[in-house]
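*Asks:* Sharing a model that was predicted from the sequence below.
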Amino acid sequence: MDFLCSSGVYLLWFAAVFDPIGSMFGIRYIALCWVFFLIGICLLSGRVHEQVTSLRFVLTVMLAICMPVYGFFLYSVRGGGSEFRDTSYVAAGILMLTSYLYVNKTVVASGVRALLFVTRLLSLIIFLLFVCGALGTSTDWISFFTENEVAIVSFREYAGIQLPYIYFLASPLLILLLASDVEQAVQAGGLRWFLVFVSALSLALSGTRSHIVIAVLYFPLRTIFLSENLLLRIGIIFIIGTLVLVVLNNELIQALFSFSETSNSMKIGMLDSYLTMLGDPLTLLFGQGYNSYEWSADLRKIIAMDIGASKTELTYLELVRVYGLVWAALFMAFLVRAVYGLKEVGREFRWLYFGFFVYLLNCSLNPYLFSTNGILPLALITSVIATSKVHRFDRDTNDDRLVVN
């Protein structure tokens, strides 16, 4: 049965990266059907054992039942709407149920390997496309992905300089690949630093400002947060501060992070509308619920109505707007608990601790959390925590082998 569950895990992650919207031969839907069939078998055979106080159970119940029911309740109170658009919140609950495919440590390990395998493939595809473009060789093969709406390949211009824009829908997951590669390179060194370079470059080539910053600063920030060497931490902070002062005068950097830049300006402009909406005590405490664009003029000002959007990229403010302060604070508290829970897992998975923390920061300015890119990692991470209850370390070995009582 573990083999079948692992096959479902690999298929699920492959679909998440290369067919996130079901446009490529319907792999996404095949994967989900197979996964839920396997979960059904696991439930019927009694292989799923979970305490109702576990983080995985609580988050699954919140995302799959409590928050959607609450959102629909407010939706009905407000009179519903002609077209339901807030499908991502409902889909998030369904995707969170996939956490119960990870029935034991063996399948969890397969899940982590599957995540790293498919993101490695994605990283190599992006790197190969960049190299082909730099060498002037054919890049027509990328049309397979662009025509299936899995990728967008273009250029972005800042201060008269064109930068490559190779954005796959699954590009945010490259943050977790980079986290793993950095950890491996720190431990083993050598050629593993080349993998760090490739994964960082592929993340930066996705073109978003946050991805570029993470690609450049992930390793020094990890050292600042995790190193026990105080002098090293101070030294890196000094170097980063000096470099920031130097590059602030660079025309390209100024264009990338200028408040007047279109995307930055839009996000800053959203804050006025949020202040108005959340200035209403009822909205602040209880939220607006689903499909608020139907009746909220302030929301319609800041969403892309022309492409059928129903929310903005400011994920955590959106949580408060949709669900209210109580539900949003509770959910975010459990996200924080998930991050700290990763400090307690085995050495094999501890790289997820800082990697997932950075991933959640990235979600604050991008709409990734309530999507395949956000919920599948959350499902895997809560499963890592659920199956890695470490009671003590075996101090007789040099590799911190875990012993579970």
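*Replies:* Ah, there it is.
*Asks:* buried set for stretch 45-64?
*Replies:* 47, 55-60, 62-64 (16 or more other C-beta atoms under 10 Å). Quick note: C-beta positions are derived from backbone N, CA and C, even for glycine.
*Asks:* distance between that stretch and the chain's centre?
*Replies:* Distance, stretch centre to chain centre, for stretch 45-64: 21 Å (C-alpha atoms, centre = their mean, to the nearest Å).
*Asks:* cool, and stretch 61-73?
*Replies:* 21 Å.
*Asks:* if we can go back for a sec, include pLDDT, distance to residue 221 and secondary structure when you put the buried residues of stretch 45-64 into CSV, please.
*Replies:* What follows is these, written out as CSV (pLDDT from 0 to 100; distance: C-beta to C-beta, whole Å; DSSP: H, G, I helix; E, B strand; the rest coil):
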residue, pLDDT, distance to residue 221, secondary structure
47, 77, 40, coil
55, 91, 25, helix
56, 93, 28, helix
57, 92, 32, helix
58, 93, 30, helix
59, 95, 26, helix
60, 94, 31, helix
62, 95, 30, helix
63, 95, 29, helix
64, 95, 33, helix
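*Asks:* Which members of these are the farthest-apart pair?
*Replies:* Greatest spatial distance among those (C-beta to C-beta): 47 and 62, at 23.4 Å.
*Asks:* What is the neighbour count of residue 29?
*Replies:* 12 (other C-beta atoms under 10 Å).
*Asks:* Grab the nearest non-local neighbour of it.
*Replies:* Closest residue in space to residue 29, ignoring its immediate chain neighbours: residue 22 at 5.4 Å, by C-beta to C-beta, 6 or more residues apart in numbering.
*Asks:* Relative to residue 59, how far out is residue 383?
*Replies:* Computed as C-beta to C-beta, to the nearest Å, the residue 383 to residue 59 distance reads 11 Å.
*Asks:* hmm, I was thinking of residue 380
*Replies:* Taken as C-beta to C-beta, the span from residue 380 to residue 59 is 12 Å.
*Asks:* Can you mark which positions in the helix or strand where residue 269 lies are buried?
*Replies:* Per DSSP states H and E, residue 269 falls inside helix 262-278. Residues 267, 270, 273-274, 277-278 are the ones in helix 262-278 that count as buried (16+ other C-beta under 10 Å).
*Asks:* Dump the buried residues of stretch 45-64 to TSV, plus distance to residue 148.
*Replies:* Listed next are these as TSV, based on distance: C-beta to C-beta, whole Å:
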residue	distance to residue 148
47	36
55	36
56	33
57	36
58	36
59	31
60	31
62	33
63	28
64	29
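*Asks:* by contact count, what packs against the helix ranked longest in the chain?
*Replies:* Longest helix in the chain, counting residues (DSSP state H): helix 105-135. Under the contact definition 3 or more C-beta pairs under 8 Å, 6 or more residues apart in numbering; DSSP states H and E, helix 105-135 sits against helix 2-18, strand 161-168, helix 174-188, helix 192-204, helix 372-386.
*Asks:* I'd like to know which elements the next helix or strand after it is packed against.
*Replies:* Sequence order places helix 143-147 as the next helix or strand after helix 105-135, per DSSP H and E. Secondary-structure packing of helix 143-147 (3+ C-beta pairs under 8 Å, 6+ apart): strand 151-158.
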